[in-house]
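> got a structure for you, letters missing:
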C-alpha cells in the first residue's frame, strides 16, 4: 500500500467531493479499495509497466543520441536498408520533454487557417484579435449574429472568409452574378448542392455564396431572396425567391448547380469537386494574399481580383 498526498474525502468539511471517471471505475471494481483510497488516504500500488516503459524509452533515446552525434544511421535501420539518420536540433531536449513538447513560431507567417465549426471559429477570432494575427476562415454554418461578430473582429485584424476555398467554385460565383445581372425578372432561379453524409449544415456555405451571387446581380440582399430549403429531395421547384435543395450522401466532395429558367429555356452553371486538396490549395493561396493586408473582411473574390 502507499499513502495519498491529497484529494481525500473529509466528511466534516461539508464540501462536495468530486470524482473523476477513473474514481467511479475504481468504485465499481472494488468498493473496499475505493473506500481505503478516498477516506483512508491509501491507494493500491500500481503496476510497474510505466516505470519499465520509461526506462526502455530512456535507453532508446540515449542509444539514438550516439548515432545522432555521429551523423550515422542506426544499425537496425541499416539492416532494413534505410539510410535514416536521427534528426539533430538544438532544442531536441525540450522537444522530448513531456512538459515542454514541440513549439514553433514562424514569425513571418503569424496567420491562422480555420476549418472548424462556428463556435470554435469565434474562439479563434477572440484569441487572434488579442494577438493581432491574421485569419483565413473556411468554416461554414454561421448564424446572422455570428456573422456580425466576425465583422466586428475584422475591424481589428485582417480576416478572409469564404464558404468555399476552391478557385473554380469562386469563378462559378462570379459567373452566377454576371448571369443574374444580365437576365431579367422573368428568369427564376434555384440552387442544388450535394455533399458527403457527414456535413451538418444545409444549405452549404457555398450554396449560400451562390445565392448571394444571384442577389448581388439583382442588386438585392440575399436574406430577402432566400426561399424554401429542401433536404434530400429528388426534385424541387423554382420559386419567386431562390429555392435550395441539399443532398447528403456517401463521401461526395462537393457538387453545386445553379439554374435560371424563363419557362422557355434553362441556363445551367455547375461545378463538381473530386479532390479535397483543392480546398487546402485555395486556403494557402488566400493566406499568401492576406499576408500584407490591413484590418478588414475579405473574400476569395478579392484574392482573384474579380471586379
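Good, I have the coordinates. Nothing here was measured: the structure is a model prediction, and the numbers come from that model.
> Can you read off the pLDDT for residue 73?
With respect to pLDDT, residue 73 has a value of 90.
> I misspoke; the intended subject was residue 104.
pLDDT, residue 104: 54.
> repeat for residue 304
Residue 304 is given a pLDDT of 89.
> same question, residue 165
What the model reports for residue 165 is a pLDDT of 89.
> That one: what's it in contact with?
By CB atoms under 8 Å, 6 or more residues apart in numbering, the residues touching residue 165 are 138, 278-283, 285-286, 300. Glycine gets a C-beta too; all of them are placed from N, C-alpha and C.
> got a winner among those residues for most neighbours?
Most neighbours among those, by other CB atoms under 10 Å: residue 300, with 28 neighbours.
> Tell me how far that one lies from residue 184.
Applying CB to CB, to the nearest Å, the value for residue 300 to residue 184 is 28 Å.
> Same question for residue 70.
Counting by CB to CB, the gap from residue 70 to residue 184 is 78 Å.
> These two: who's more crowded?
It is residue 70, of residue 70 and residue 184, that has more neighbours when counted by other CB under 10 Å, with 11 against 7.
> Would you map the helices across the chain?
Counting by DSSP state H, the chain has these helices, from start to end: 21-29, 31-38, 49-70, 75-79, 92-95, 118-131, 144-153, 167-182, 205-218, 222-225, 277-290, 300-303.
> what angle do the first one and helix 31-38 make?
Translated: helix 21-29. Between helix 21-29 and helix 31-38, the angle formed by their directions is 140 degrees, by axes from the mean of the first three to the mean of the last three CA atoms, to 10 degrees.
> outside of stretch 182-193, which residues touch it?
Stretch 182-193 has contacts (CB under 8 Å, 6+ apart) with 180, 203-204, 206-207, 210-211, 214, 217, 236-240, 242-247, 254-263, 267.
> If we use 7 Å, what do you get?
Stretch 182-193 has contacts (CB atoms under 7 Å, 6 or more residues apart in numbering) with 203-204, 206-207, 210-211, 214, 236, 238-239, 242-246, 255-262.
> Of the residues you listed, which belong to strands?
242-246, 255-261 (DSSP state E).
> For residue 112, state which of these is nearest.
residue 256 (26.7 Å; CB to CB).
> That closest one: neighbouring residues, count only.
27.
> Test my guess that residue 216 contacts residue 176.
No: contact between residue 216 and residue 176 fails when scored by CB atoms under 7 Å: they sit 9.0 Å apart.
> what about these two, which has more around it?
A direct count of neighbours by other CB under 10 Å for residue 216 and residue 176 places residue 176 higher, at 24 against 16.
> buried ones in stretch 174-183?
174-177, 179-180, 183 (16 or more other CB atoms under 10 Å).
> Check stretch 84-91 too.
The neighbour-count check on stretch 84-91 (16+ other CB under 10 Å) flags residue 86 as buried.
> before we move on, what about stretch 292-300?
Within stretch 292-300, the residues that count as buried by 16+ other CB under 10 Å are 297-300.
> So what sits opposite the nearest residue to residue 204 once chain neighbours are set aside in the bridge?
Distance criterion CB to CB, 6 or more residues apart in numbering; nearest residue to residue 204, sequence neighbours excluded, is residue 193 at 5.1 Å. Counting by DSSP bridges, residue 193 is bridged to residue 246, residue 256.
> Tell me the confidence at residue 14?
61.
> The one 4 residues further on too?
Looking at residue 18, its pLDDT is 70.
> how far away is it from residue 24?
According to CB to CB, residue 18 and residue 24 sit 11 Å apart.
> Residue 251 contacts residue 195, doesn't it?
No: here residue 251 does not reach residue 195: they are 9.5 Å apart, not a contact under CB under 7 Å.
> Please say which of those two ends up with more neighbours.
Neighbour count, other CB under 10 Å: between residue 251 and residue 195, residue 195 has more, with 25 against 9.
> most neighbours per residue, which of the helices of the chain?
helix 205-218 (a mean of 23; mean count of other CB atoms under 10 Å).
> Just want the angle from that helix to strand 254-261.
Comparing the axes of helix 205-218 and strand 254-261 via the same axes, to 10 degrees yields an angle of 30 degrees.
> Against which helices or strands is helix 205-218 packed?
Packed against helix 205-218 by the contact rule (3 or more CB pairs under 7 Å, 6 or more residues apart in numbering; DSSP states H and E) you find helix 167-182, strand 188-195, helix 222-225, strand 242-248, strand 254-261.
> one more time with 10 Å
With contacts taken as 3 or more CB pairs under 10 Å, 6 or more residues apart in numbering; DSSP states H and E, helix 205-218 sits against helix 167-182, strand 188-195, helix 222-225, strand 226-231, strand 242-248, strand 254-261, strand 266-273, helix 300-303.
> how about these, which one is nearest residue 142?
Distance to residue 142, taken as CB to CB, is lowest for helix 222-225 among the helices and strands packed on helix 205-218, at 13.2 Å.
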